[in-house]
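J.: Give the three-dimensional model of this entry:
(one chain, ligands or ions: 1)
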Amino acid sequence: MIFPFVNRRYPRVVFSVDYIYGLPSVGDHQAFDVMKYKKIRDRLIQEKKLKRRHILRPELCAADDLRRVHSESYLHDIQDAAYLSKILRLDDVNPFYNSILEYLLAVTGGTLLATEFAIQNRTAVFNLGGGYHHAHPERAEGFCVINDVAIAIEKYRRTNGVNRFMIIDLDYHQGNGNLLYFKDDPEVFTFSIHADTWVEIEGQSNLDILVSSHCSDEEYLEILHRELDPVCHRFQPDMVFYIAGSDPYEKDTLADMKLSRAGLLQRNKYIYDRVCHRKLPLVVLAGGGYGPDSWQIYFDFLEYALTNRMR
Ligand SMILES: [Zn+2]
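T.: Numbers count the residues shown, from 1 in each chain. Predicted coordinates:
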């Protein structure tokens, strides 16, 4: 796809009406505010921080792209709404209700569009969703069905000289899906700080840091500053995916970390400024974040990025 008349200094935001379907507010997903991404988009437009022409609208992820990572039998299984509702632990879903899959395909299509745009324009693109870091090629895990970042890397590696990818994952939960998928891939480095470990691997292509869920803003930021720079220096990524999970927030209703709203903004600004300073393509994914106050964390980040152009 060719994007005409690009002003490279503005980050872009990916969103589509298909994101509004979300997941029905039943079962374990009650903690997930299904309208939060629309709320973020609407508020940014209302406050004149986001122009409609800077919103990119994705297509649903195509079957051929899903096959880059997921097995045929698994892709067959997820066509069934009843199967999806079981793995997402939803209470009751009409077996003919296909909007759950459409929602997941739209958000994955969003990550692909964000990646393509970021590579072509060496800019930052924020998807209002995505970062399904627990999903595996043959199975879903932790509410993650389709591994959007893995598909994006498989699709766009070798595009415009972009060969080395770093996934910076600061969600509360470890991104075990990405870690396992890329563990033997020398061109993809996964860096994660989390309070919840799912798998333990020590390799050349990953750094996993477990922190206490009681750590303060200062302790958390100190670890981030100390550990990230040497890795970036050694690995020299051509592109960064940042899974900016909001669930380390003290008001998160699912996780138990104690980071403040100001601390999380500091965290997000640090990553954004670092990557933009190096003029690397950056794709930001929302990752996890639960409860009625969760939307503010990703909103604050977008507000900062949209009002502080890339330098
Ligand atoms: Zn999470």
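J.: In contact with the residue in the stretch 1-150 of the chain positioned nearest to the ion, which residues?
T.: As assessed by CB to the ion, the ion sits closest to residue 142 within the stretch 1-150 of the chain, at 7.5 Å. Placement of C-beta: from N, CA and C, glycine included. By CB atoms under 8 Å, 6 or more residues apart in numbering, the contact list for residue 142 reads 134, 173, 198.
J.: what would those look like in JSON lines with secondary structure, distance to residue 302 and neighbour count?
T.: Shown next, in JSON lines, are the contacts of residue 142 (DSSP: H, G, I helix; E, B strand; the rest coil; distance: CB to CB, whole Å; neighbours: other CB atoms under 10 Å):
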{"residue": "134", "secondary structure": "coil", "distance to residue 302": "24", "neighbour count": "24"}
{"residue": "173", "secondary structure": "strand", "distance to residue 302": "22", "neighbour count": "25"}
{"residue": "198", "secondary structure": "coil", "distance to residue 302": "28", "neighbour count": "17"}
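J.: which parts of the stretch 151-300 of the chain sit against the ion?
T.: Contact residues (CB under 5 Å from the ion) of the stretch 151-300 of the chain with the ion: 171, 172, 173, 245, 247, 288.
J.: so the first one touches residue 245, yeah?
T.: It refers to residue 171. Yes. Contact status for residue 171 versus residue 245: in contact at 2.6 Å, counting by CB atoms under 8 Å.
J.: okay, and the common contacts of those two?
T.: 131, 287, 288.
J.: circling back: need the phi and psi values for the residue of the stretch 1-150 of the chain closest to the ion.
T.: phi 50, psi 50 (degrees, to the nearest 10).
J.: Now do it, the pLDDT please.
T.: Reported pLDDT at residue 142 in the predicted model: 90.
J.: hang on, the earlier thing: just among the shared contacts of residue 171 and residue 245, which is most surrounded?
T.: Among the shared contacts of residue 171 and residue 245, the one with the most neighbours (other CB atoms under 10 Å) is residue 131, at 28 neighbours.
J.: Which residues lie in contact with that residue in this structure?
T.: Listed by CB under 8 Å, 6+ apart, the contact partners of residue 131 are 111, 148, 149, 169, 171, 243, 244, 245, 285, 286, 287, 288.
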